[in-house]
Structures are given as structure tokens and as C-alpha cells.
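A.B. asks: Need a 3D model of the following:
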Amino acid sequence: QDLVLNSNFNLQLSGNLGDGIEILAAITDENIPLQPEGNTRQLREFDRIFVQLKKGANRLIAGDYELRRPDSYFVNYFKKLQGATFSTAFKTSEKGQVQTTASVAISRGQFARNTIAQQEGNQGPYKLNGNSGERFIIILAGTEKVWIDGKLLARGLEADYVIDYNRGEVLFTNRQLITKDSRIIVEFEYSDQGYLRSLTAFNADYQQDRWRLHLNWFAQQDSRNSTGDQNLSDAQKRALQAAGDNLALASGIDTLEEFSAFRATYQFRDTLLQCGNRDTLVRYLQFSSDAETARYTARFSLVGDGNGDYVLDDAQAANERAYRWVAPDPVTCRPRGNYAPVVQLVAPKQQQILAAGVDYRFSKNGVIKTEVALSRNDLNRFSELD
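C.D. replies: Residues are numbered from 1 along each chain as shown. Now for the predicted structure:
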């Protein structure tokens, strides 16, 4: 009656390819792309390809790997990538040596930092959100760092916390009792399917006797062309250009070419409202299943109480959530709903940082360090404003 096929692939190899080239590779593949559970200290990740080629002081890493921060104060990152990193080292003199590393990759996620509003005696789960307030995110396994009162916690059922990467939730164990005075900070990377994010990094380190010079460059940017679940129209791109670093909203109303019985459809209605001392003509959306007039669909966003003209309508039977228009207050003219037919546009971002430093060891037990950095953070690559 049933046929179930499970396939697993796990290849690990190491050895010499000849001419002094060493290879180290680990390739795993599961027929179901799963993330590991965040209840142990050690994680076993699926669907990974890691290949390292090494010859002398030259090394090439390609596939799925982690890129960690160099020895720099300002250039501080931890990224999970799909790409390649090449590093080499050579001597410039009898006492001088240069080490360089260059990376080009596609970032698998973006960084976020949450300060959790804790509750007395509530161990969780606490929901983690994205940078733009996204409530439903997938956290990249192993990228999280959790602090309570400045102390870095350990993951695991027998340790301090467990985390559900697919739900984006953190639950604390009995070893860490949560009080109203606990300061909880969580840093993590989460999957963002809106844009293709590329990353470049370069590190150079020169050492000679008592001197050390280092130069570090890091840049990541989103493509202006949407490649994921956000397909931008020309009108939405213009809205992003005019928004600058402010919140950009676009209409969530779409016109159907033909009636669909599987969607929550609406029709436009006009009404005359007496608001204050004047009459106002208002046009609004009304849920309808009439094939002749219901030619619109809409995406609604939660905008907060008193900021929208629509509320959830549980009385309507539809495959999607249906919304009902509510008239504004007749005296103050303020809206009385909490939803609006708008969508929040996520802008492509760009981050760049360049840092240079000098270390001088003037004695056996003393060293002077200095570092300067220049950074650029563009919150909206479509706009020249801000």
C-alpha cells in the first residue's frame, strides 16, 4: 500500500592529491532538509558541503562554512556562509611576515539583536523577532548567543536554555530562573528570503619583531533585485526611493483577473460619513463571494489599535482570514480598527567597515595598541536620502 524511501549521504575524506596538496572534505545530505534541534551543546547539521585544499601556507575553503572575526576591535562578526575563503602567508624579510585572507560568499542570513521583555517566573518560550519586526522567522542553527545580566549562557537541556530554530523561540531551564529584573539579550542570525545577500571580506596582517600592522575590510549588501518572497513592482520601488530610512508602506490591494472561490475576495463600497461637522465620502473594502463584484484581494497588516480601519471578521467562512471595515469615531474621527490593507516593504541594506591598527611591543610585559575604523550603514539602497 505504501512505499517510503529514505536516503542519506555522508562522505568524509582526507588525504593527499599529489604535488603537496592536502584535501579535507565533509559532505552530508539528507533527503529531508532539517535543522538540528537546539537542545544540545553540540549540533549535527544536515545538507552541508565543506571542502578544504591546503598546500604549504596556502589554504582554500569552499562550501558551507563559518567565518569568524579577525584580531580586530571594531571588525566583529560571526557569519554562516556559502562561498570560498583563500588564505596565504609569506615572509617579506628575515623577521617580517604577512598573512592575508580573502572571502567571497553568499550570506545565509542576517544578524539581529533582541532585548527580551521578560516576565516574573516565566521561563518561556520567548519569541524572537527580525530586524523589521518579523514575527515568523527561522533562526540559523548554532548562530545564537544568549546573555542574562551580561553572562553568556550555554545551550542544552542540562544547561541554561533550549531553542527552537524553526519557531524562533527560546526556553530557559531551571538553572536560569527568570525574574522581573533579569536582563535578557539574544543575538542570532535568521533566514531572510527577501534579497540575495553577498559578502566580501579581506584581512591583512604584517608582523615584524616588535611591530604589528593589520588591515581589515568587511562588506555585505543586499541585491537591489528581489530574489525571494518579496517581488517588488515599479510603484513599490518608487515608494522605497521616497521613504529614505523611514518605514515604507505600499497598498496591499490586488485586482483579480477572474473570481476565485479559494480566496478571501472583496468589493469596494462607498458610504457617506458624518465626521465632526462635515460629511466625508469614504471608500472601503467589503468581504464578498459574489462572482460579479468580488474582484479584489488584499493583504492586511497589524498596525495597532486606533491606527487602522479594519478588524478581523471571524464570522466569514473563507480559506483565508477575512477582515471587516469599521467606521471611525463620529466625534473624534479617529479610526477604531487595528488592521490596514497595506504591506511593509523591506529595503535592501548595505554595511561596510574598514579598520586599520598598529601594535607596538615596547617591552617584554608591555604593548601599545591603536586602531581606527570607518564604517558605512545604508538602510535603504534604493534611496539616496538619509
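
A.B. asks: Just list the residues touching residue 182, thanks.
C.D. replies: Contacts for residue 182 (C-beta atoms under 8 Å, 6 or more residues apart in numbering) come out as 118, 148-149. For the C-beta atoms, the positions are set from N, CA and C on the backbone; glycine is no exception.

A.B. asks: got it, and residue 191?
C.D. replies: Residues counted as contacts of residue 191 (C-beta under 8 Å, 6+ apart) are 108-109, 137-140.

A.B. asks: Quick check: the two most widely separated of the residues you listed?
C.D. replies: 108 and 137 (13.1 Å; C-beta to C-beta).

A.B. asks: related to what we said a few turns ago, dump the contacts of residue 191 to JSON lines, plus secondary structure.
C.D. replies: Below are the contacts of residue 191 laid out as JSON lines (DSSP: H, G, I helix; E, B strand; the rest coil):
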{"residue": "108", "secondary structure": "coil"}
{"residue": "109", "secondary structure": "coil"}
{"residue": "137", "secondary structure": "coil"}
{"residue": "138", "secondary structure": "coil"}
{"residue": "139", "secondary structure": "strand"}
{"residue": "140", "secondary structure": "coil"}
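
A.B. asks: buried subset of those?
C.D. replies: Applying 16 or more other C-beta atoms under 10 Å to the contacts of residue 191, the neighbour count classes 108-109, 137, 139-140 as buried.

A.B. asks: what are the ranges of the helices in the stretch 201-350 of the chain?
C.D. replies: With DSSP state H, counting those that start in this stretch, the ranges of helices along the stretch 201-350 of the chain come out as 234-243.

A.B. asks: what ranges do the strands span in it?
C.D. replies: When assigned using DSSP state E, counting those that start in this stretch, the strands of the stretch 201-350 of the chain occupy the ranges 211-226, 248-251, 253-255, 266-275, 278-287, 296-298, 301-302, 310-312, 323-325, 339-340, 342-345, 350-363.

A.B. asks: what's the lowest-pLDDT member of the contacts of residue 182?
C.D. replies: For the contacts of residue 182, the least confidently modelled position is residue 118, at 83, judged by pLDDT.

A.B. asks: Helix, strand, or coil at that one?
C.D. replies: Three-state call for residue 118 (three-state DSSP): coil.

A.B. asks: was I right about it contacting residue 126?
C.D. replies: Yes - contact status for residue 118 versus residue 126: in contact at 7.3 Å, counting by C-beta atoms under 8 Å.

A.B. asks: Overlap in contacts, these two.
C.D. replies: Common contacts of residue 118 and residue 126, defined by C-beta under 8 Å, 6+ apart, comprise residue 184.

A.B. asks: For the closest residue to residue 144 other than its chain neighbours, give its distance to residue 130.
C.D. replies: The shortest distance from residue 144 to any residue that is not its chain neighbour, by C-beta to C-beta, 6 or more residues apart in numbering, is 4.1 Å, and that residue is residue 188. According to C-beta to C-beta, to the nearest Å, residue 188 stands 10 Å off from residue 130.

A.B. asks: residues bridging contact with those two, i.e. touching both?
C.D. replies: Common neighbours of residue 188 and residue 130 (criterion: C-beta under 8 Å, 6+ apart): residue 112.

A.B. asks: which one of those two has more residues nearby?
C.D. replies: A side-by-side neighbour count of residue 188 and residue 130, using other C-beta atoms under 10 Å, places residue 188 first with 25 against 20.

A.B. asks: The more buried one pairs with what?
C.D. replies: Residue 188 has the following beta-bridge partners by DSSP bridges: residue 112.

A.B. asks: how about stretch 7-27: buried residues?
C.D. replies: Neighbour counts over stretch 7-27 (16+ other C-beta under 10 Å) mark 25-27 as buried.

A.B. asks: now these in TSV, with secondary structure and pLDDT?
C.D. replies: Supplementary listing: the buried residues of stretch 7-27 in TSV, determined by DSSP: H, G, I helix; E, B strand; the rest coil; pLDDT from 0 to 100:
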residue	secondary structure	pLDDT
25	strand	89
26	strand	85
27	strand	82
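
A.B. asks: residue ranges with poor pLDDT in the protein?
C.D. replies: 30-37, 39-48, 193, 226-230, 276, 317-318 (pLDDT under 70).

A.B. asks: Show me the contact partners of the helix or strand containing residue 11.
C.D. replies: Element membership for residue 11, per DSSP states H and E: strand 8-18. When contacts are defined by C-beta under 8 Å, 6+ apart, strand 8-18 is touched by residues 22-31, 53.

A.B. asks: Which two of those have the greatest separation?
C.D. replies: Across these (C-beta to C-beta), the longest gap, 31.4 Å, separates 22 and 31.

A.B. asks: check contacts around residue 148.
C.D. replies: Applying C-beta under 8 Å, 6+ apart to residue 148 gives the contacts 160, 176, 182-184.

A.B. asks: And for residue 93?
C.D. replies: When contacts are counted by C-beta under 8 Å, 6+ apart, residue 93 is found next to residue 208.

A.B. asks: any idea how far residue 26 is from it?
C.D. replies: In terms of C-beta to C-beta, residue 93 sits 38 Å off from residue 26.

A.B. asks: So what's the residue count around residue 114?
C.D. replies: Using other C-beta under 10 Å: residue 114 sits among 19 other residues.

A.B. asks: now swap in residue 126 and tell me
C.D. replies: Using other C-beta under 10 Å: residue 126 sits among 21 other residues.

A.B. asks: Specify the beta-bridge partners of the residue nearest to residue 213 when sequence neighbours are not counted.
C.D. replies: Here the nearest residue to residue 213 in space, its sequence neighbours aside, is residue 206; by C-beta to C-beta, 6+ apart that works out to 4.5 Å. The partner list for residue 206 in beta bridges (DSSP bridges) reads residue 98, residue 213.

A.B. asks: was I right about residue 206 contacting residue 212?
C.D. replies: Yes - because the distance of 7.0 Å satisfies C-beta under 8 Å, residue 206 is recorded as touching residue 212.
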